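Engineer: coords below, sequence missing:
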């Protein structure tokens, strides 16, 4: 059994298709297909089954994936024995919440690329429910996000500060009262996917206060959400650092409400049983420097919508 076949198998699962795996590995798609077929022949079981246009793991394929990841990690550890341990190498896969990736991670990524040029860094935007599951299965090495009951029995979890979450709207928002219970408000919540921690927190608050909205506009891009709110299409609930520029120049304002200003812990996690590579150690150090040695929300003068 060849390690390159296991790496190809892992890449197909992580990338979601033969074509994307081929692009990530620098192979042709036919090469990926042949390697998967050879691996299935060696194991004597099918690893994938087709569902519509998608390739999904069989039950045995899921078991094989977990063992393949362990073998590849062991191979990486072995290959590093003959190298200078101070020089990170290999591949580092990091899953992050979109808000942190888009608005806080640029200094970390730049510094990591400069200090670890030999590492292949793969960063993906994922929601905070997916991240711990991906760490558990080995689909990523590190995860950065907000706590949604992350399992401490499996994960080594490190707090890296907090994020202040605020209600945001355009300065002349028509219905700013989110304090009085029992309202029917002709306004729209502009938010992201249902599994978003911020959306869940706000919707729970609204239910508790019996505040019913006209509609929800569901978008899967934080920047698109901001632009829609700036244009007056509704309000949103996001970390303050996401909207610093818009708050400072008056394009957005904070809505006064008991929920506005709550603080969510920012967490970094890894699997307890997996080896911490030099690349992981470096990335963790840079995360700590960026997220814990600076205030979690660099506040600028902002305006508030009057109730």
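Structural biologist: All right, it came through fine. Everything numeric here is computed off the predicted structure, so don't read it as measured data.

Engineer: where do the helices sit along the stretch 101-250 of the chain?
Structural biologist: Applying DSSP state H, counting those that start in this stretch to the stretch 101-250 of the chain gives helices spanning 106-115, 130-137, 197-208, 222-230, 244-248.

Engineer: residue 270: which of those helices is closest?
Structural biologist: Nearest to residue 270 among those is helix 130-137; the distance by Cβ to Cβ comes to 6.4 Å. The C-beta positions use only the backbone N, C-alpha and C, and glycine is treated the same way.

Engineer: in the closest one, what counts as buried?
Structural biologist: By 16 or more other Cβ atoms under 10 Å, the buried positions in helix 130-137 come out as 130, 131, 132, 133, 134, 135, 136.

Engineer: shouldn't the fifth one be in contact with residue 140?
Structural biologist: Yes. With contacts counted by Cβ atoms under 8 Å, residue 134 reaches residue 140, the gap being 4.5 Å.

Engineer: who touches both of those two?
Structural biologist: By Cβ atoms under 8 Å, 6 or more residues apart in numbering, residue 134 and residue 140 have these common neighbours: 95, 126.

Engineer: helix/strand/coil for the closest residue to residue 159 other than its chain neighbours?
Structural biologist: Excluding its sequence neighbours, the residue lying closest to residue 159 (Cβ to Cβ, 6 or more residues apart in numbering) is residue 265, at 5.5 Å. Here residue 265 is recorded as strand under DSSP: H, G, I helix; E, B strand; the rest coil.

Engineer: for residue 265, which residues are in contact?
Structural biologist: Counting by Cβ under 8 Å, 6+ apart, residue 265 has contacts 146, 147, 159, 161, 162.

Engineer: now find how far off-centre the longest strand along the chain is within its chain.
Structural biologist: The longest strand of the chain (DSSP state E) is strand 155-169. Relative to its chain's centre, strand 155-169 lies at 13 Å (Cα atoms, centre = their mean, to the nearest Å).

Engineer: separate out the buried members of the contacts of residue 265.
Structural biologist: The neighbour count (16+ other Cβ under 10 Å) marks 146, 161, 162 as buried among those.

Engineer: in the host helix or strand of residue 66, which residues are buried?
Structural biologist: Using DSSP states H and E, residue 66 maps to helix 59-80. Neighbour counts over helix 59-80 (16+ other Cβ under 10 Å) mark 61, 64, 65, 68, 69, 72, 73, 76, 80 as buried.

Engineer: looking at it, the fourth one is touching residue 10, isn't it?
Structural biologist: It stands for residue 68. Yes. Applying Cβ under 8 Å, one finds residue 68 in contact with residue 10, separated by 5.9 Å.

Engineer: to residue 168, which of the helices of the stretch 101-250 of the chain lies closest?
Structural biologist: helix 222-230 (6.0 Å).

Engineer: run through the residues that contact the closest residue to residue 223 other than its chain neighbours.
Structural biologist: Nearest-residue entry for residue 223: residue 102, 7.0 Å, with adjacent residues in sequence omitted and distances by Cβ to Cβ, 6+ apart. Going by Cβ under 8 Å, 6+ apart, residue 102 touches 222, 223, 242.

Engineer: about what we covered before: what's the farthest-apart pair in the contacts of residue 265?
Structural biologist: Top of the distance list for these (Cβ to Cβ): 147 and 161, 12.2 Å.

Engineer: which of the contacts of residue 265 has the weakest pLDDT?
Structural biologist: Least confident by pLDDT among the contacts of residue 265: that is residue 147, with 87.

Engineer: who's the residue lying closest to residue 206 once chain neighbours are set aside bridged to?
Structural biologist: Leaving out its chain neighbours, the residue that sits closest to residue 206 by Cβ to Cβ, 6+ apart is residue 213, at 7.0 Å. Per DSSP bridges, the residues bridged to residue 213 are residue 185.

Engineer: pLDDT weak spots in this structure?
Structural biologist: The chain contains residues with pLDDT under 70 at 52-53, 79-86, 293-307.

Engineer: who's in contact with residue 21?
Structural biologist: The contact partners of residue 21, by Cβ under 8 Å, 6+ apart, come to 8, 11, 12, 14, 15, 27, 32.

Engineer: alright, calling it a day.
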